[in-house]
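> just a sequence and a predicted model for now, questions to come.
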Amino acid sequence: MTDLTRLTASEIAGLVASGDASAVEVTQAHLDRIAAVDGRINAFLHVDTDGALAAARAVDERRAAGDELGPLAGVPVAVKDVLATRGVPTTVGSKILEGWRPPYDATIVKRLRAAGTVMLGKTNMDEFAMGSSTEYSAYGPTRNPWDTDRIPGGSGGGSAAALAAYEAPLSIGSDTGGSIRQPGAVTGTVGAKPTYGGTSRYGLVAFSSSLDTPGPCARTVLDAALLHEVIGGHDPRDSTSIPAPVPDVVAAAKLGATGDLTGVKLGVVKEFTGEGAEPGVTAAFREAVDTLTKLGAEIVEVSCPHFRYALPAYYLIAPSECSSNLARFDGVRFGLRVGDDGNRSLEEVMSLTREAGFGPEVKRRIMIGTYALSSGYYDAYYGQAQKVRTLITRDFTAAFTQVDALISPTTPFVAFPLGARTSDPYQMYLADLYTIPTNLYGGPGISVPCGLSEGLPVGLQVMAPTMADDRMYRVAAALESAVGTFTPPAL
Amino acid sequence: MAAISREEVAHLARLSRLAVTEEELDIFAGQLDVILQSVAQVGEVAAADIPPTSHSVPLTNVLREDVVVPGLTPQEALSGAPDAEEQRFRVPRILDEDVAS
């Protein structure tokens, strides 16, 4: 019998639509897989067994009644714990929200439910999506299915590891500086950051509001595109949501899968080659560039001189926004309250609650942001970072007059051992070196597996102009058609 | 020279409403210093005449029709509160002195 957990989302949807497998069978197979392997991976913070089986039964009933099913009906999906799920625990990987059950669904979750997908549960993440290894989760690290002594990337390590461990065929991530793409790269899976504003932030616990972008994760480019189409599009409840249709990402993925990139011009980002990356990453990337050339793409080198300032600008802008956003965790309306003994003042209780509820990386970023926004430092830090953001945007705009899309390695290094970068926060930040410019510009980016280095996956990143998400899917699908997908050793 | 002193970190913690411990202060002072020295690189860019970007989406004043739609019930809104009383969030005292008596 077919192992239902090894199928792609589009294959599962086909079986459910034809009646060759029921949504309940598919869901049960994934729940069994989670029960069998997640003790070693820790991809899930909460498994919603009853909710998943109920959603699956509803799909089977609709099919039996002759209702038309959507393209992903009956397909299980794992949701990063950053999105509010009605009645289902939502922690953002933090102790400060332990036990919180939101009274409402995020727009993306609502759309997933309406499409007939089956939510298996909530995935582990760095606390408040701040981190690149999932080691900053308050609930223990997620482990990389390729090597359980290594990190699965972050912040969305749970969503990526769940795919690589065949616990789910689809998952949702959120990408503020690379939190979808970098975990995709180091787990050998596909992760797409849509254009900022192309996916709704309503119900996404805010970290850095001008950068946060929820998006799809999958094991194939086509599956990511199918999920993108379900969750994307204008949402009147998010005032930064773009009032335009979702680019035709599914058609682009299918076009790319033909393996023909004739007429497509790609720019290799000069600043992201050479020093900084591990030799094995550089070698796999170079080989992928040769492959893209063989597929018909024209490759040129493009200089984006301000990209080298993206990392420092990001680590001023994101903490500044976070220091403001996380003020809402005050021990009053939801989550933890510590030290309320009847004698302490609100301010004392607030400080004790935040001290007990936040982990060290969140505290560091709140303090960095508070510093960068304080009078006397604002112009030199936050103000200057915003100007650098303009220059990075101009680099992108200029590059896209020469090429259709930009390419680079997704991250400078393969999955590193657990604990290797936690004592030096800035070393952790370097994992996002190549992904951050896209967030500052607001355009889309995708990571697609392109090869292995010493047995560990390497990702190639495709960056496209804003609202041209379809371009990156085409290039990624073409590369995938040539190099195939990557399967980790049996767990 | 250090970009930030231990005393400044203590001040930031107070502004941030974080009751950090003495031990944490020692660790954070060193780490924040490394981070701030690194991010200070943005100062190398000549950008005096460059306008700032706060946001990548060129939308301003997004408005909608003022239509009544269902919202959360008081019970739902208070469902996650650490403490509630008479359909309100209950908070610790706000003033230093007990002025209620």
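Sure, I can see it.
> what about A:R150, neighbour count?
20 (other C-beta atoms under 10 Å in any protein chain shown). For the C-beta atoms, the positions are set from N, CA and C on the backbone; glycine is no exception.
> ok, now which ones touch it?
A:R143, A:N144, A:V186, A:A415, A:F416, A:P417, A:L418, A:L456 (C-beta atoms under 8 Å, 6 or more residues apart in numbering or on different chains).
> contact residues of the stretch 151-300 of chain A facing chain B?
Counting by C-beta under 8 Å from any C-beta of the partner chain, the positions of the stretch 151-300 of chain A adjacent to chain B are A:Y196, A:G197, A:S210, A:P236, A:S239, A:T240, A:I242.
> in chain B, which spans are strands?
Counting by DSSP state E, chain B has strands at residues B:84-85, B:88-89.
> what about those strands, which gets the closest to A:A310?
strand B:88-89 (40.4 Å; C-beta to C-beta).
> show me what that closest one is packed up against.
Using 3 or more C-beta pairs under 8 Å, 6 or more residues apart in numbering or on different chains; DSSP states H and E, no helix or strand is in contact with strand B:88-89.
> number of nearby residues for the closest residue to chain A within chain B?
Closest to chain A within chain B is B:S56: 2.6 Å, counting by C-beta to the nearest C-beta. Using other C-beta under 10 Å, B:S56 is surrounded by 19 other residues.
> just the mean pLDDT for stretch B:55-62, thanks.
The average pLDDT for stretch B:55-62 rounds to 85.
> CA-only coordinates of that stretch in PDB, if you can.
Output in PDB follows, covering the C-alpha atoms of stretch B:55-62 (Å, rounded to 0.1, in the frame of the first residue of the first chain):
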ATOM      1  CA  HIS B  55       7.300  50.600   4.700                       C
ATOM      2  CA  SER B  56       7.500  49.000   1.300                       C
ATOM      3  CA  VAL B  57       3.800  49.200   0.300                       C
ATOM      4  CA  PRO B  58       2.800  52.600  -1.200                       C
ATOM      5  CA  LEU B  59      -0.600  52.700   0.500                       C
ATOM      6  CA  THR B  60      -1.800  55.600   2.700                       C
ATOM      7  CA  ASN B  61      -5.000  56.200   4.600                       C
ATOM      8  CA  VAL B  62      -6.600  52.800   3.900                       C
END
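> show me what counts as buried in that stretch.
Of the residues in stretch B:55-62, B:H55, B:S56, B:V57 count as buried by neighbour count, 16 or more other C-beta atoms under 10 Å in any protein chain shown.
> take those residues and keep only those in helices.
Judged by DSSP state H, the buried residues of stretch B:55-62 include no members of helices.
> JSON lines for those residues, including distance to A:E11?
As requested, the buried residues of stretch B:55-62 are exported to JSON lines (distance: C-beta to C-beta, whole Å):
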{"residue": "B:H55", "distance to A:E11": "40"}
{"residue": "B:S56", "distance to A:E11": "36"}
{"residue": "B:V57", "distance to A:E11": "36"}
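> of the contacts of A:R150, grab the buried ones for PyMOL.
To isolate the buried members of the contacts of A:R150 in PyMOL, using 16+ other C-beta under 10 Å:
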select buried, chain A and resi 143+144+186+415+416+418+456
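> give the contact list for the closest residue to the residue of chain B closest to chain A other than its chain neighbours.
Leaving out its chain neighbours, the residue that sits closest to B:S56 by C-beta to C-beta, 6 or more residues apart in numbering or on different chains is A:G442, at 2.6 Å. Residues counted as contacts of A:G442 (C-beta under 8 Å, 6+ apart) are A:T195, A:Y196, A:G197, A:T393, A:T466, B:S56, B:V57.
> the contacts of A:R150 in strands, which ones?
Using DSSP E, the contacts of A:R150 in strands are A:L456.
> what about the contacts of A:R150, which are in helices?
Per DSSP H, these map to helices at A:V186.
> in CSV: the contacts of A:R150, plus pLDDT and distance to A:R219.
As requested, the contacts of A:R150 are exported to CSV (pLDDT from 0 to 100; distance: C-beta to C-beta, whole Å):
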residue, pLDDT, distance to A:R219
A:R143, 98, 18
A:N144, 98, 15
A:V186, 98, 14
A:A415, 98, 17
A:F416, 97, 22
A:P417, 97, 24
A:L418, 97, 23
A:L456, 98, 17
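> nearest to A:F400 among the contacts of A:R150?
Using C-beta to C-beta, A:V186 is the member of the contacts of A:R150 that lies nearest A:F400, at 27.6 Å.
> what's the spacing between stretch A:101-116 and its chain's center?
18 Å (C-alpha atoms, centre = their mean, to the nearest Å).
> I misspoke; the intended subject was stretch A:446-462.
15 Å.
> can you measure across that stretch, start residue to end residue?
This stretch, stretch A:446-462, spans 5 Å end to end (C-alpha to C-alpha, to the nearest Å).
> identify each buried residue in stretch B:10-21, please.
Buried, per 16+ other C-beta under 10 Å, within stretch B:10-21: B:H11, B:L12, B:A13, B:S16, B:R17, B:L18, B:A19, B:V20.
> and if you look at stretch A:38-53?
For stretch A:38-53, by 16+ other C-beta under 10 Å, it's A:D38, A:I41, A:N42, A:A43, A:F44, A:L45, A:H46, A:V47, A:D48, A:G51, A:A52, A:L53.
> could you see whether chain B lies near it?
No: figure legend: stretch A:38-53 not in contact with chain B (C-beta under 8 Å from any C-beta); closest approach 15.6 Å.
> report the rounded mean pLDDT for that stretch.
98.
> ok, now which ones touch B:S54?
Here B:S54 is in contact with A:S210, A:Q386 (C-beta under 8 Å, 6+ apart).
> centre-most residue in chain A?
The centre of chain A sits closest to A:I180, judged by C-alpha atoms, centre = their mean, with a distance of 2.1 Å.
> hang on, isn't it packed against A:G191?
Yes: at 4.0 Å, A:I180 counts as touching A:G191 under the criterion of C-beta atoms under 8 Å.
> now the common contact residues for these two.
A:G156, A:G173, A:G215, A:C217, A:S447.
> show me which of the residues you listed is closest to A:R33.
After measuring the shared contacts of A:I180 and A:G191 against A:R33 - C-beta to C-beta - the closest member comes out as A:C217, at 16.9 Å.
> confidence score at A:S447?
98.
> doesn't it belong to a helix?
No: counting by DSSP: H, G, I helix; E, B strand; the rest coil, A:S447 falls outside a helix, being strand.
> for chain B, see how far away it is.
20 Å (C-beta to the nearest C-beta, to the nearest Å).
> returning to what we had before: okay, and which of the buried residues of stretch B:10-21 map to helices?
Using DSSP H, the buried residues of stretch B:10-21 in helices are B:H11, B:L12, B:A13.
> give me the subset of these touching chain A.
Restricting these to those near chain A by C-beta under 8 Å from any C-beta leaves B:L12, B:A13.
> buried sites along stretch A:454-467?
For stretch A:454-467, by 16+ other C-beta under 10 Å, it's A:L456, A:P457, A:V458, A:G459, A:L460, A:Q461, A:V462, A:M463, A:A464, A:P465, A:T466, A:M467.
> quick check: end-to-end length of that stretch?
36 Å.
> now do it: distance to the chain's middle.
The answer for stretch A:454-467 is 12 Å, by C-alpha atoms, centre = their mean.
> that one near chain B at all?
Yes: legend: contact between stretch A:454-467 and chain B by C-beta under 8 Å from any C-beta is shown at A:T466.
> so what's the residue count around residue 69?
In the absence of a named chain, this looks at chain A. 16.
> think we crossed wires, I meant chain B
The number of residues near B:V69, taken as other C-beta under 10 Å, comes to 5.
> contact partners for it?
Shown in contact with B:V69 (C-beta under 8 Å, 6+ apart): no residues.
> before we move on, back to that, check the buried residues of stretch A:38-53 and tell me the two furthest apart.
A:N42 and A:L53 (22.6 Å).
> picking that back up, can you lay out the ones in helices among the buried residues of stretch B:10-21 as TSV showing pLDDT and distance to A:A65?
Output for those, formatted as TSV (pLDDT from 0 to 100; distance: C-beta to C-beta, whole Å):
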residue	pLDDT	distance to A:A65
B:H11	97	64
B:L12	97	60
B:A13	98	59
